[in-house]
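Asker: Predicted structure and sequence below. I'll ask about it afterward.
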Amino acid sequence: MNLQSQSNSKRAIRGMSLSELMITISILGILAAVAVNAYGDIFGKSKDTISQNVVATLNKATREFSYSQWDLEYTATPTSAKDEMYVLRTLQWKDPDNSELNPKGPFMRQDWNPTTSSDTKDHRIEWTGSAWKLTKPGTAGTGLKVAFDGTDLGTPHVHATGFTPAGAK
């Protein structure tokens with residue numbers, strides 16, 4: 001074996017130099033920072049999407065109720081969530097009068113029992129008087145709290161005898 005081949009074989013098993021190692025670590029750090037920024041808010045966006053889907057479901061139920069029964073208009077109370085709960089319970093109500101061909105409800109699933117919240121950290125759904133809107137965290141307002149863990153689903157709501165739905169004539 002000559003001197004040239006011995007020198008080449010020693011270089012082949014040699015590790016990275018300090019400068020190569022620092023450059024590699026710097027590049028990995030930059031890639032990690034970009035990845036965190038790109039994917040860091042994915043949970044916040046998912047919560048927004050889920051909340052918007054709940055609002056769309058409530059607005060669809062409101063339209064279906066209006067087609068079947070009467071225009072669902074009820075005065076909104078910005079400082080209380082009593083109006084939201086009352087309108088929700090109206091959407092969960094089934095009209096006992098079977099004399100007409102229109103569907104009688106319920107127009108919203110009866111096992112959805114959300115709590116109310118005015119905490120600006122929560123996603124909330126507010127009744128505007130004729131439709132539902134999303135109130136995102138950081139914005140003041142009182143409404144139905146969107147739960148992302150399923151704790152708002154459970155026993156179906158049972159309406160009291162003689163329940164009068166919102167906007168009943």
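Answerer: Received, thanks. Numbers count the residues shown, from 1 in each chain.

Asker: could you point out which element follows the biggest helix by length in the chain?
Answerer: Using DSSP state H, we find that the single longest helix of the chain is helix 42-68. Per DSSP states H and E, helix 42-68 leads on to helix 82-91 as the next helix or strand towards the C-terminus.

Asker: Now do the buried residues in that following helix.
Answerer: The neighbour-count check on helix 82-91 (16 or more other CB atoms under 10 Å) flags 83-85, 87-91 as buried. Just so you know, the C-beta spots here come from the backbone N, C-alpha and C atoms, and that holds for glycine as well.

Asker: show me the contacts for Lys104.
Answerer: Contact analysis of Lys104 by CB atoms under 8 Å, 6 or more residues apart in numbering lists 68, 94-98.

Asker: Mind picking the two most distant members of the residues you listed?
Answerer: Ser68 and Pro96 (13.7 Å; CB to CB).

Asker: who wins for most neighbours among the contacts of Lys104?
Answerer: Among those, Asp95 has the most neighbours (other CB atoms under 10 Å), with 17 neighbours.

Asker: Please read off the pLDDT at it from the model.
Answerer: Note for Asp95: predicted pLDDT of 82.

Asker: contacts for the helix or strand hosting Val34?
Answerer: In this assignment (DSSP H and E), Val34 forms part of helix 18-39. Contact with helix 18-39 is made by Met16, as judged by CB under 8 Å, 6+ apart.

Asker: which residues of the protein score low on pLDDT?
Answerer: In the predicted model, the chain carries pLDDT under 70 at residues 1-13, 38-44, 99-102, 169.
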